[in-house]
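Visitor: For reference, the sequence and a predicted model appear below.
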Amino acid sequence: MLEIAENGRTWILSGPASSYALHLTAEDELLHLHWGPRIALADAEALAVRPLPEYWPFESPLDGREEYPVEGGPRFTRPALSVRTEVRRGTEWSFEAYDTEGDELRLRFRDDGLTITLHYRMRDDILERWVTLDNQGQDPVELLRADSATWTLPDREDGWRLSQLHGRWAAESLLTRTPLTYGEKVIGSRRGHTGHQHLPWVALDTDATEERGEVYGVALGWSGSWRIAVAQLPDARVQITGGAGYDDSGLLRLAAGESFTTPVFAGLWSDGGFGAASRAWHAYQRAYVIPDADQDRPVLFNSWEATNFDISEEQQRTLARRAAAMGVELFVVDDGWFGARTSDRAGLGDWAPNPDRFPSGLKPLGDYVRELGMQFGIWVEPEMINPDSELYRAHPDWVQYQAGRKRTEFRNQLILNLAREDVQEYLWEQLDTLLSSAPIDYVKWDFNRCFTDAGWPGEPYPQRLWVDHVRGFYALLDRLREAHPGVAFESCSGGGGRIDLGVLSRTDQVWTSDNTDPLDRLAIQDGFSQIHPARVMAAWVTDSPNTQLNGRVSSLRFRFVSAMAGVLGVGGDLAEWTEEELAEAGRWVKLYKEIRPLVQHGDLYRLRPPRGGLSAVQYVRGGETVVLAWLQAQKYGEPVPSLRLRGLDPTASYECPETGEVHRGVILLHHGLRTGLRGDLDATVIRLRRI
Ligand code: GLA
């Protein structure tokens with residue numbers, strides 16, 4: 001809901017539980033008024049007339065209070081907007097007008113030829129903010145920095161705490177919480193993709209728990225380099241600024257008539273602790289971000305860990321038969337099916353099936369997989385190129401490079417310059433042909449290295465390559481989705497290197513991590529769940545001992561229950577699994593399909609975080625609930641704690657369909673559920689149905 005004061009200078013956007021209010025002064029300063037519990041327009045108007053504090057000349061009353069601090073004038077905070085023309089640097093805007101479209105509010109400002117429009121849209125209790133910059137003048141304008149939004153937190157005496165998700169390859173989205181101190185905490189990526197190192201999300205609280213307390217969260221929807229800066233200013237006020245690009249050294253140059261729309265930076269205020277904040281983020285993504293989120297994601301098999309590059313059609317058929325017998329619904333051929341791709345040294349760029357491995361293309365295998373009753377999927381990495389490829393031999397200038405400098409190879413590959421239209425057109429033709437050549441239902445889209453030599457000889461403003469690569473990637477995905485509406489896409493980047501709200505608005509799921517060890521995964525999944533829903537969190541059951549990382553031995557039970565907390569997949573070498581293992585796996589897959597609606601579309605409650613002992617999550621949907629619990633190690637023979645459940649009706653009773661046991665709601669809520677777990681690496685799934 002959007003309300004506007006009579007004088008047209010105070011605006012308030014409200015969701016069911018929260019409000020966000022802003023005010024334009026007579027001097028055209030756009031001030032932040034409120035972000036928190038729901039308030040009325042009259043409350044916002046009362047806030048608007050409170051005078052700004054007076055300071056000695058060493059501080060500015062605007063700092064920490066503006067909606068979108070620009071560079072220039074009496075401001076000492078980090079600017080969200082920094083622009084330069086031939087003659088001037090910085091911005092001094094005047095207000096032009098506001099307008100609304102549906103529930104979107106737009107505030108338009110102008111500084112000479114540059115029009116700056118701030119956009120606000122409340123979706124449930126998530127506020128989406130972004131900015132458009134239009135150069136309507138005659139001369140070019142350089143955007144040194146153009147953030148999506150600046151968020152302002154209310155004054156709190158007890159100090160703020162920052163939650164973030166950090167990591168690296170095979171250890172993504174690990175949650176940490178630290179007190180915020182004076183100065184700035186900056187996270188981001190200057191790698192050209194979202195990165196494994198930080199998810200573009202932070203949360204701030206003062207004293208929240210999983211169940212209680214105020215939590216502010218913000219998340220950026222951009223799949224290239226990005227930055228979120230959390231600043232605690234001299235008077236302890238806190239602001240969060242974020243947007244595309246890591247540095248302030250130049251994002252784009254807008255020629256006359258050109259414009260730039262920043263990515264969306266979304267924000268949430270919630271007062272139900274970290275758990276309620278996560279559930280609100282999940283519901284928002286399922287309702288507004290993820291395509292077709294109401295549809296179940298199928299159980300998939302992926303051949304990567306089973307075969308690596310050593311693949312053949314016959315071997316894939318064998319795996320497919322075993323996968324189908326287990327109840328798998330989508331069979332995915334990973335790397336190694338195309339060009340001269342028999343190792344990571346060659347083939348990227350040549351998206352036609354390898355004639356030795358697939359003499360008649362992918363169609364016969366795809367048809368076979370379909371006959372087995374499964375969907376068929378493939379792996380691609382379109383933005384990349386091996387120097388040993390037909391494409392590179394034909395177009396060595398299609399890559400990102402600096403004239404006269406080394407071309408840095410990671411994993412023997414270079415990055416295509418997707419800002420070039422000819423490159424985009426080539427990829428479109430290759431991928432469109434590929435998707436038309438075989439019955440392909442799913443594409444795992446990978447990105448396996450960071451930018452290093454992001455140059456573009458001959459281009460007068462090569463910096464634009466960073467933004468235009470992402471725009472090119474999005475445009476390709478959008479075009480392919482439109483032309484092949486039945487095809488689902490997974491975002492992968494060496495595991496979880498490209499997970500953000502931007503890519504999630506055009507993909508169906510993400511590859512959470514190359515780390516498929518079921519114990520490590522619990523922490524990765526716990527972090528992931530702070531912001532993203534299980535509906536997109538792909539998780540595979542792979543071999544024991546773990547082949548990729550650590551040789552850890554774990555039971556099929558533990559591996560399955562770990563992976564069943566997301567979109568279940570199987571990635572082990574099924575050719576080596578015994579009849580008993582295959583049969584047991586089939587039973588887990590069957591169980592997963594039964595609990596899938598709860599996991600993929602239900603509300604998530606994190607009952608205990610994975611910190612060494614017992615951990616558990618619970619999904620609730622209507623009168624059904626399911627608990628997935630894991631015991632890492634039982635110590636000193638102590639009894640394993642009961643799990644106090646959430647989201648149930650205390651007056652109802654719940655029956656376990658497997659055992660017929662009946663539990664009283666109030667007891668489950670206040671005294672807990674006994675799991676029966678013991679020893680090391682034990683796990684269980686407990687279903688309960690309201691009676
Ligand atoms: C990346 C992915 C893996 C696999 C390999 C193939 O590392 O994350 O799952 O697809 O590439 O080369």
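Guide: Structure received.

Visitor: Show me what from the stretch 251-400 of the chain comes close to the ligand.
Guide: Trp304, Asp334, Asp335, Trp379 (Cβ under 6 Å from any ligand atom). (Each C-beta comes from the backbone N, C-alpha and C, glycine too.)

Visitor: try the stretch 451-600 of the chain
Guide: Counting by Cβ under 6 Å from any ligand atom, the stretch 451-600 of the chain sits next to the ligand at Cys492, Gly494, Gly495, Trp511, Asp514.

Visitor: any idea which of the residues of the stretch 251-400 of the chain next to the ligand is the one closest to the ligand?
Guide: Asp335 (3.5 Å; Cβ to the nearest ligand atom).

Visitor: Which phi and psi values does that closest one adopt?
Guide: Per-residue torsions, Asp335: phi -60, psi 150 (degrees, to the nearest 10).

Visitor: who are the neighbours in contact with it?
Guide: Under the criterion of Cβ atoms under 8 Å, 6 or more residues apart in numbering, the neighbours of Asp335 are Trp304, Asn308, Phe309, Arg341, Asp344, Trp379, Glu381, Asp446.

Visitor: rerun at 10 Å
Guide: 303-304, 307-309, 311, 341, 343-344, 347-348, 378-381, 444, 446, 448 (Cβ atoms under 10 Å, 6 or more residues apart in numbering).

Visitor: cool, and Ser82?
Guide: So, once contact is read as Cβ under 10 Å, 6+ apart, Ser82 ends up touching 69-72, 89-91, 142-147, 248-251.

Visitor: What about the spatially most central residue of the chain? Give its phi and psi, please.
Guide: Centroid check for the chain by Cα atoms, centre = their mean gives Asp500 as the closest residue, at 2.7 Å. Here is the backbone geometry of Asp500 (degrees, to the nearest 10): phi -170, psi 170.

Visitor: now the strands for the stretch 1-150 of the chain?
Guide: Secondary structure of the stretch 1-150 of the chain (DSSP state E, counting those that start in this stretch): strands at 2-4, 10-14, 18-24, 30-37, 81-84, 94-101, 104-111, 114-123, 126-135, 141-146, 149-152.

Visitor: among those, which is nearest the ligand?
Guide: The closest of the strands of the stretch 1-150 of the chain to the ligand is strand 126-135. By Cβ to the nearest ligand atom, the value is 29.4 Å.

Visitor: Switch the strands of the stretch 1-150 of the chain over to CSV; also include mean pLDDT and distance to Leu648.
Guide: Below are the strands of the stretch 1-150 of the chain laid out as CSV (pLDDT from 0 to 100; distance: least, Cβ to Cβ, whole Å):
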stretch, mean pLDDT, distance to Leu648
strand 2-4, 96, 36
strand 10-14, 98, 30
strand 18-24, 98, 26
strand 30-37, 98, 26
strand 81-84, 98, 48
strand 94-101, 97, 41
strand 104-111, 98, 38
strand 114-123, 98, 28
strand 126-135, 98, 26
strand 141-146, 98, 47
strand 149-152, 98, 34
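
Visitor: buried ones in stretch 668-683?
Guide: Within stretch 668-683, the residues scored as buried using 16 or more other Cβ atoms under 10 Å are Leu668, Leu669, Leu673, Thr675, Leu677, Leu681, Asp682, Ala683.

Visitor: Can I get it as PDB, trimmed to CA atoms?
Guide: Taking C-alpha atoms only, stretch 668-683 is exported to PDB below (Å, rounded to 0.1, in the frame of the first residue of the first chain):
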ATOM      1  CA  LEU A 668       5.800 -30.900  20.600                       C
ATOM      2  CA  LEU A 669       6.000 -27.100  20.900                       C
ATOM      3  CA  HIS A 670       7.000 -26.900  24.600                       C
ATOM      4  CA  HIS A 671       8.700 -30.200  25.400                       C
ATOM      5  CA  GLY A 672       9.800 -31.400  22.000                       C
ATOM      6  CA  LEU A 673      10.000 -34.400  19.800                       C
ATOM      7  CA  ARG A 674      12.400 -37.200  20.500                       C
ATOM      8  CA  THR A 675      14.400 -38.100  17.400                       C
ATOM      9  CA  GLY A 676      15.900 -41.500  18.400                       C
ATOM     10  CA  LEU A 677      19.300 -40.400  16.900                       C
ATOM     11  CA  ARG A 678      22.500 -41.800  18.300                       C
ATOM     12  CA  GLY A 679      26.200 -42.300  17.600                       C
ATOM     13  CA  ASP A 680      27.900 -40.500  14.800                       C
ATOM     14  CA  LEU A 681      26.500 -39.100  11.600                       C
ATOM     15  CA  ASP A 682      23.000 -40.300  12.200                       C
ATOM     16  CA  ALA A 683      20.000 -38.700  10.600                       C
END
